[in-house]
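[1] Predicted model, plus sequence, below.
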Amino acid sequence: MNWRRIVYPLAALAFLAFAWNSYGWPGVAAVLSGGVMWVLLHFNRMVHVMKQATDRPVGHVASAVMLNAKLRPGVNLLHIMALTKALGVRQSPEGEEPEVYRWTDTGGSHVTCELVNGRLLRWKLWRPEDDASGEVPEAGEALAPAAPAEPRGGPAAH
C-alpha cells in the first residue's frame, strides 16, 4: 500500500486541527487557502509540462545519455516528462504494474524507465555501440537497478 495516501490526509487534518485550536476560523481559512495555493501551483506545473509535451514526438528525447545522467530513483512520471519534454512510449500493458516507458534519441540510444506506484524504481540506458549483436532488449526483460551516483568531486583520494 502506498503510505502517501494515508500520511498526507492525516497531516492536512493535523494542520487544520492545530489552526482551529490556535486561531479559530481565521486559522482554518489560512490553512485552507494555503492548500488551495499548493493545488493551483501543482496544476500549473502539470499543465506547463503537458503543453511542452504536445510540441514533441512521443518517446523522443534530445539525448538519452543526458536523461540517464539526470534520473534518480523516486521521481514521478511528471518529473521525467519535464526532463524529456515528451511523453514516453508505453512498453508495458495498460494498467499493469510496473509501468515501463521508453524515450529514444536520434542516434538510436534509448532509456527504459520502470515505475512502481508512479515512482521511478530503476532505469536502463541502451546504446547501439554497447551491443555488438544490434538487438534491442525487450520491454519485459528485467532492468538493472541504477548505480548510486558518485559525489561531484569524484572518489576521495587516500
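    Now that the structure is in, tell me what you want to look at.

[2] buried sites along stretch 22-36?
    Neighbour counts over stretch 22-36 (16 or more other CB atoms under 10 Å) mark 27, 28, 31 as buried. Every residue, glycine included, has its C-beta placed from N, CA and C.

[3] Out of the residues you listed, name the ones that lie in helices.
    27, 28, 31 (DSSP state H).

[4] Tell me where the protein is predicted with low confidence.
    Low-confidence regions of the chain, defined by pLDDT under 70, span residues 1, 130-158.

[5] Can you tell me which of the buried residues of stretch 22-36 is nearest residue 65?
    Minimum separation from residue 65 among the buried residues of stretch 22-36 (CB to CB) is found for residue 31, which lies at 44.6 Å.

[6] For the closest one, list the residues it contacts.
    By CB atoms under 8 Å, 6 or more residues apart in numbering, the contact set of residue 31 is 15, 16, 19.

[7] so who does the residue lying closest to it once chain neighbours are set aside touch?
    The spatial neighbour of residue 31 that comes closest, neighbours along the chain excluded (CB to CB, 6 or more residues apart in numbering), is residue 19 at 4.4 Å. For residue 19, the contacting residues are 27, 28, 30, 31, by CB under 8 Å, 6+ apart.

[8] do you know how far residue 19 is from residue 36?
    Applying CB to CB, to the nearest Å, the value for residue 19 to residue 36 is 14 Å.

[9] same deal with residue 47?
    Taking CB to CB as the measure, residue 47 and residue 36 are separated by 16 Å.

[10] One more: residue 56?
    Computed with CB to CB, the distance linking residue 56 and residue 36 is 31 Å.
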